[in-house]
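Trainee: Pasted the sequence and its predicted model underneath.
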Amino acid sequence: MAEYSNSKEEYYRLARRKRMFAVVCMVLTVVAFFASLTVGFYKVSIGEAIGIISDHLHGTISDIQADSIIFNSRLPIAIFAIIAGAALSAGGAVMQTILRNPLADPYTMGISSGASLGATIAIIMGTSLWAGFSNSEFIVVMAFLFSLIPVGVILLFSIKRKTTSTKIILIGIAVMYMFSAIVSLLMVTASEDTLSEIYAWRVGTLALVSWGDILIPLVGTVGCLTLLMVSNRRINVLMSGANCAQSLGVDPKRTTLIQMVIISVMTAVVVSFCGTIGFIGLVGPHVARIFVGSESKMLIPASAAFGSVFLLVANSIASVSGPYGLPVGVVSAIIGCPLFIFILIKMRRNAWK
Amino acid sequence: MESKEYEIEKQEYHAGVVSKILFIIACIVVLVVVTTLSCSVGTGYGFLETFGILWDHITGVELEFRSPEWWADYYVWNNVVPGVVMALVAGAGLALAGTVMQSMMENPLADPYTTGISSGACLGAVSAIIMGFSFATVASGMGIVVNAFIGALIPAVIVIMLVRYVGNSPSTMILIGTALSFFFNSMVTLIMITADAADLQSAFLWQIGSVSKAAWSDLPLMVAMVIISSILVQAVSTKLNIMSLGENSAKSLGLDVSQFRMLCLILVSILIASIISFTGVIGFIGLVAPHMVRYIVGGDNKFVVPGSILVGAIVLVIADVISRSLYVFGNVPIGIVMSFIGAPVFLYLIVRRKSQKEVF
């Protein structure tokens, strides 16, 4: 009996710790959100920033310049950073879980290369195919459409045949390679200026986000995150391997494919607006996993919260580095990589063995 | 009874060995033919004409200074042949490195760049091209090469140092390599986004990989490294076989796995650095060539190693021919041709493979 109550206490203690991590991350997100409003070349304090926003909402704008910087530029960027961080990191967490591979990230299925190809074609064409779209909107549409092609190919190959998760990864990589080859060919033949525009798109930046770009990613991310959370038990079961999952009443192939489609849509809506921001989808889940373990019910929200904080902070640093600011993708890799190696060393062996 | 069965097995084994040796001889013949053929493509001379020019050069026929024959000889010998030789040597070396890497990482998806070598080389080259920073003088033309060489070795050294703390299981090495690739790539990106458009283009072209600017002076280091490494790897090919049995079996067969893995890593790193610092990062050949060979000769590294070297050389020489014959459509570097060949082959390998273990 004593042992039982001990282990029961232990369990509750661990559960509390896991909740603590998620709560701390969420609090940090709020703090980082307001802090990021103040960071930049136009300096304001947190209080002033909140004042400016509330002025705008009450329709009493006192300083038009400050209002346009804080409300129309930094606020949408900060909101987008939260959305993108949550989507990429949670997507990475689920992808790593269902494929049982620590190197999987939301781009494992080739979404980034598809989006790059779409955007590259749109940038090289320089115009829009459909009347009423500007070129920048056309880039978003093309990136979105093309980013889903690799997923389609994977589905095509795996619906009829017997598929293992390794095979899914490999097909994703193969499609990714093919798309990258086409993108490289287009980039080599492109003019110098077009090349630098394509390059900038591929690195990924939040600096150009405006209010008009928020709605679709927000709806997409919230919707897909809800779907992932609803099926968190199935995702857990998949972790134990295909045979085990089958005997527990979960069709491993169907579940894997469904979750993959959800992740792909979620990633695609974010990436087509901001370019392919790397690293967060790989490292975010690893950090969260250290604190909350691998159970999806806690891992998904914890990853999402950590991803948001990380991307907010990285974006704030990016926006003040260099004369014109840097793309957030670069900064997050430069911060994230040493962090990742530190974690590896600290843990001696990765959590997967 | 037993001895009879044994005899049959022995005969089958020898039959297998003969067919594998035949495959390797066939590869040598194909390589020689393809290489000589490729010297005439894109030159405007016919095949026999080119062959005559080469033959005259090798046999040392005296040509009148600045006569048409002299120009033809000058053009073919100094502009075409170095590129062909570089493609051949680079293909051989990259395929060899891929074979070793796949065996030591126990991972069919490993390629020569798995530990981040390519991203380090890119950082070195890009910093020379764009920022003019170099360990040698950029003006001498060796700046990019020296930088790429040193840059390529940095991730390798970091991996070797970190492995002391985290243990050198393949999965850890791949994780560290991936993290380092991300890091160096982001540094490359950082430099590239600050560059003006023209510098960006030349840096981008370097990253894709090309042999079109090869000169005779680029070749000695590369050739020497490829020959030395081929001999060394062939000598330890049975150890590679043992290694792919897995950590525990290898240990019980008396192989110090982690030490051997370290030695392999060092050899591969220097080999790759000496190649890609001249050619740029040519992808796929190191990944695909060993698979093609394993598909034909099976998993015995005694045959896979020479087979990969030959097949890698053949494939890259062919890619170079395609790249040169596409010149009417603009400059299509060998790296892009290679990825267009490699990606479908890779997909085919995956889709038709029945189980994960078939080639390993």
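Mentor: The structure has been received and is ready for your questions. Numbering: from 1, shown residues only, chains lettered A, B, ... in the order given.

Trainee: Tell me where the model's unsure across the chain.
Mentor: Assuming you mean chain A. Applying pLDDT under 70 to chain A flags the ranges A:1-3, A:128-129, A:131-132, A:346-353.

Trainee: Chain B, not that one
Mentor: Chain B contains residues with pLDDT under 70 at B:1-2, B:135-141, B:352-360.

Trainee: in the stretch 101-250 of chain B, which spans are strands?
Mentor: Taking DSSP state E, counting those that start in this stretch as the test, none of the stretch 101-250 of chain B falls into strands.

Trainee: What residues does it have near chain A?
Mentor: Neighbours of chain A within the stretch 101-250 of chain B, by C-beta under 8 Å from any C-beta of the partner chain: B:109, B:162, B:165-167, B:169, B:171-172, B:174-176, B:178-180, B:182-183, B:185-187, B:189-190, B:192-194, B:197-198, B:200-201, B:204-205, B:208. From N, CA and C alone the C-beta is placed, and that goes for glycine too.

Trainee: Show the buried residues in these.
Mentor: For those, a neighbour count by 16 or more other C-beta atoms under 10 Å in any protein chain shown gives the buried set as B:109, B:162, B:166, B:169, B:171-172, B:174-176, B:178-180, B:182-183, B:185-187, B:189-190, B:192-193, B:200-201, B:204-205, B:208.

Trainee: So which of these are in helices?
Mentor: The members of those that map onto helices under DSSP state H are B:162, B:166, B:171-172, B:174-176, B:178-180, B:182-183, B:185-187, B:189-190, B:192-193, B:200-201, B:204-205, B:208.

Trainee: Identify the spatial nearest neighbour of residue A:229, chain neighbours not counted.
Mentor: Spatial nearest neighbour of residue A:229, chain neighbours left out: residue A:300 (5.9 Å); criterion: C-beta to C-beta, 6 or more residues apart in numbering or on different chains.

Trainee: okay but that neighbour is in contact with residue A:224, surely?
Mentor: No. When contacts are counted by C-beta atoms under 8 Å, residue A:300 is not listed as touching residue A:224 (10.8 Å).

Trainee: which stretches of the stretch 1-150 of chain B form helices?
Mentor: Taking DSSP state H, counting those that start in this stretch as the test, the helices found in the stretch 1-150 of chain B are B:2-38, B:47-59, B:68-75, B:81-104, B:117-131, B:143-166.

Trainee: What are the buried residues along the longest one?
Mentor: Residues of helix B:2-38 classed as buried: B:20, B:23-24, B:27, B:30-31, B:34-35, B:37-38 (neighbour count, 16+ other C-beta under 10 Å).

Trainee: how many other residues sit next to the nearest residue to residue A:146 once chain neighbours are set aside?
Mentor: Closest residue in space to residue A:146, ignoring its immediate chain neighbours: residue A:118 at 3.0 Å, by C-beta to C-beta, 6+ apart. For residue A:118, the neighbour count with other C-beta atoms under 10 Å in any protein chain shown is 26.

Trainee: Quick check: the gap between residue A:118 and residue A:268.
Mentor: According to C-beta to C-beta, to the nearest Å, residue A:118 and residue A:268 sit 10 Å apart.

Trainee: Nearest residue to the middle of chain A?
Mentor: Closest to where the C-alpha atoms of chain A average out (C-alpha atoms, centre = their mean) is residue A:88, at 1.5 Å.

Trainee: mind checking which helix or strand it is in?
Mentor: Following DSSP states H and E, one finds residue A:88 within helix A:75-99.

Trainee: Which strands and helices lie in contact with that helix?
Mentor: Under the contact definition 3 or more C-beta pairs under 8 Å, 6 or more residues apart in numbering or on different chains; DSSP states H and E, helix A:75-99 sits against helix A:2-38, helix A:165-189, helix A:215-230, helix A:232-239, helix A:252-274, helix A:280-292, helix A:296-320.

Trainee: What residues sit buried inside the next helix-or-strand element following the first one?
Mentor: Reading on from helix A:2-38 to the C-terminus, the next helix or strand found by DSSP H and E is helix A:46-58. With burial defined by 16+ other C-beta under 10 Å, the residues of helix A:46-58 counted as buried are A:49, A:52-53, A:55-56.

Trainee: Around residue B:211, count how many other residues there are.
Mentor: By other C-beta under 10 Å, 29 other residues sit near residue B:211.

Trainee: now the one 4 residues further on
Mentor: For residue B:215, the count of nearby residues is 13 (other C-beta under 10 Å).

Trainee: and if you look at residue B:266?
Mentor: Using other C-beta under 10 Å, residue B:266 has 14 neighbouring residues.

Trainee: give the contact list for the most centrally placed residue in chain B.
Mentor: By C-alpha atoms, centre = their mean, chain B has its centre lying nearest to residue B:94, at 1.4 Å. By C-beta atoms under 8 Å, 6 or more residues apart in numbering or on different chains, the contact list for residue B:94 reads B:112, B:272, B:275, B:282, B:285-286, B:289, B:312, B:316.

Trainee: Could you tell me which of these count as buried?
Mentor: Using 16+ other C-beta under 10 Å as the threshold, B:112, B:272, B:275, B:282, B:285-286, B:289, B:312, B:316 are the buried ones among the contacts of residue B:94.

Trainee: Just send those back as CSV, with secondary structure too.
Mentor: What follows is the buried ones among the contacts of residue B:94, written out as CSV (DSSP: H, G, I helix; E, B strand; the rest coil):
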residue, secondary structure
B:112, coil
B:272, helix
B:275, helix
B:282, coil
B:285, helix
B:286, helix
B:289, helix
B:312, helix
B:316, helix
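
Trainee: Which of these sits closest to residue A:180?
Mentor: Nearest to residue A:180 among the buried ones among the contacts of residue B:94: residue B:282, at 13.8 Å, using C-beta to C-beta.

Trainee: Quickly note the distance from the closest residue to that closest one other than its chain neighbours to chain A.
Mentor: Counting by C-beta to C-beta, 6+ apart, residue B:282 lies nearest to residue B:209, which is 3.6 Å off, once chain neighbours are set aside. Per C-beta to the nearest C-beta, to the nearest Å, residue B:209 is found 10 Å from chain A.
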